[in-house]
Structure formats: structure tokens, C-alpha cells
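Trainee: give me coordinates for this.
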Amino acid sequence: GIADGGFADRMRLVGEITAPQLVRAWLLGVFVLSVRLLLGWLGVRRLTRIGVQVPAETVRARFEEMSSRVRVSRPVRLIESVLVATPAAIGFLRPVLLWPVSLHSGLTVSQIDLLLAHELAHLKRHDYFVNVLQTMVETALFYHPGVWWLSKRIRHERELCCDDVALEVAGDPREYAETLLTLETWRQRPPALAAAASGGDLMARIQRLVGA
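Mentor: So this is what the prediction gives:
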């Protein structure tokens, strides 16, 4: 009993010494990731205000058609941007779909439809809002590897869901796989001002589309 009491006292002493250090480390990690979240939010606001222009008539017409097919209930603002290399859906209360100026040529109408449908599916599913909440959880539980694994898996499944919506309303799997591969090639080709993140595992998405 005396030995057990001594061990408990030692463990309590170790806890009293290490607990403040662990709390400080956690607070530092939360602070760093919170700054990252804030910078990301400011970056999103910048994308909707700088380097934007009225979209081309062809893209605008296809956007209206895809909005009807996907059945997006909220009004979505479509703008062209020189700061993104791939289409991106951002915002929640006032959603915006950013369309790269660089995609004026090189894509067929059906490929444009597929990409627009994919991004509109993100907006219909409120993925931007969900992603913000997800990032806040990552910030608070940054020390847990399971959180990062689960978060990565959620983002991948999110892309698969939007892939399914795009295929349902706008095209065939093989053409969509070719479109994704073309986009990735352009995204990596320098110079790139700013590239929107293409969520999920690209190769896994393509293999799923073509049934490999």
C-alpha cells in the first residue's frame, strides 16, 4: 500500500509538471492553425474581388443550364478570375463560382458542363460551410492523427459525391476522367498564379470513373 501511494504521488507530481507545458503547446498549435484559417478566409475574399471579370457568354449560358439541372436553390454568382487555374465554389450565404479565364479555350461544351455541375453540386451540398466546420475541428484537435485521417477521407468522399452529381446531369465517365486529367495538367503547368485545391485523390477518382 505504501508503494502504491508513492507511485501515485510520483504520477501526480509528473502531471503537475507536464500539464502546463501540454496546455501551452496546445494553445500554440491552436493559435498557429487559427492564423492559417484566418489567412485562408482573407484569401477567399480576395479571390472574389481582385482579378475578376464578367464571364464569357458561352460559360454564362452553360452555367444557367447546369444550375437548373443540378437544382441549386440559392442564387449563385458566376465570375471569371485570373487568380485561379481550376473552377472553385466558395461562400455560403452568398455563394460564388469562380471560373478560370484560362479555360476560355481547350474545353468542349460537354466538358464545361461537367465542371460547372461538379462545382454547383458543392454549393448545393453546402460543402463550403461544412469544410469550415471541419477545419475548426482540425484546429482544436490538431494533435490527433485520427482527426487528420478522417478529415482527409471526408474531403475525398465529398469529391466523389460531386462527381456522381456531375455525371448524372452532364456526361459520361470517360469524358469526365479525361477532363479531370486535363485540368490537373494545366494546373501544374507554370506559371500558375493560384490554383484551386482539387480535393480527394485524383487517381482514385479517375479509376472509379472508368471502372478500373
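Trainee: just the buried residues of stretch 30-43, please?
Mentor: By neighbour count on 16 or more other Cβ atoms under 10 Å, the buried set for stretch 30-43 is residue 33. Backbone N, C-alpha and C define where each C-beta goes, glycine included.
Trainee: which residues sit against that stretch?
Mentor: With Cβ atoms under 8 Å, 6 or more residues apart in numbering as the test, stretch 30-43 has contacts from 135-136, 138-140, 142.
Trainee: any idea how far the longest helix seen in the chain is from the chain center?
Mentor: Ranked by number of residues, the top helix in the chain under DSSP state H is helix 2-47. Its chain's average C-alpha position is 27 Å from that of helix 2-47, according to Cα atoms, centre = their mean, to the nearest Å.
Trainee: relative to the helix or strand just after that helix, what are the paired strands and their orientations?
Mentor: Remark: after helix 2-47, the chain's next helix or strand is strand 52-53, criterion DSSP states H and E. Strand partners for strand 52-53, identified by DSSP bridges, are recorded as strand 77-81 (antiparallel).
Trainee: just the C-alpha atoms of the partner strand, please, in CSV.
Mentor: Below are the C-alpha coordinates for strand 77-81, written out as CSV (Å, rounded to 0.1, in the frame of the first residue of the first chain):
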residue,chain,number,x,y,z
ARG,A,77,-22.8,34.4,-58.6
LEU,A,78,-20.6,33.4,-61.5
ILE,A,79,-17.4,35.3,-62.1
GLU,A,80,-14.3,34.8,-64.1
SER,A,81,-10.9,35.0,-62.4
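Trainee: following element in sequence after that strand, please.
Mentor: With elements assigned by DSSP H and E, the helix or strand that comes after strand 77-81 is strand 88-90.
Trainee: now that next one, how far from the chain's geometric center?
Mentor: 8 Å.
Trainee: mind listing what's buried along the following helix or strand past it?
Mentor: Next along the chain after strand 88-90, taking DSSP H and E as the criterion, comes strand 96-100. By neighbour count, with 16+ other Cβ under 10 Å as the criterion, the buried positions of strand 96-100 are 96-100.
Trainee: of these, just say which sits nearest to residue 129.
Mentor: Ranked by distance to residue 129 (Cβ to Cβ), the buried residues of strand 96-100 are led by residue 96 at 13.6 Å.
Trainee: identify the bridge partners of the closest one.
Mentor: Under the criterion used (DSSP bridges), residue 96 bridges to residue 77, residue 90.
Trainee: I'd assumed residue 80 was in contact with it.
Mentor: No - counting by Cβ atoms under 8 Å, residue 96 does not reach residue 80; the two are 11.3 Å apart.
Trainee: one step back: so the longest helix of the chain versus strand 96-100, what angle?
Mentor: 70 degrees (axes from the mean of the first three to the mean of the last three Cα atoms, to 10 degrees).
Trainee: picking up where we left off before, now the contacts of stretch 30-43 in TSV, with neighbour count and distance to residue 111?
Mentor: Formatted as TSV, the contacts of stretch 30-43 follow (neighbours: other Cβ atoms under 10 Å; distance: Cβ to Cβ, whole Å):
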residue	neighbour count	distance to residue 111
135	16	30
136	13	35
138	17	33
139	18	37
140	14	40
142	15	38
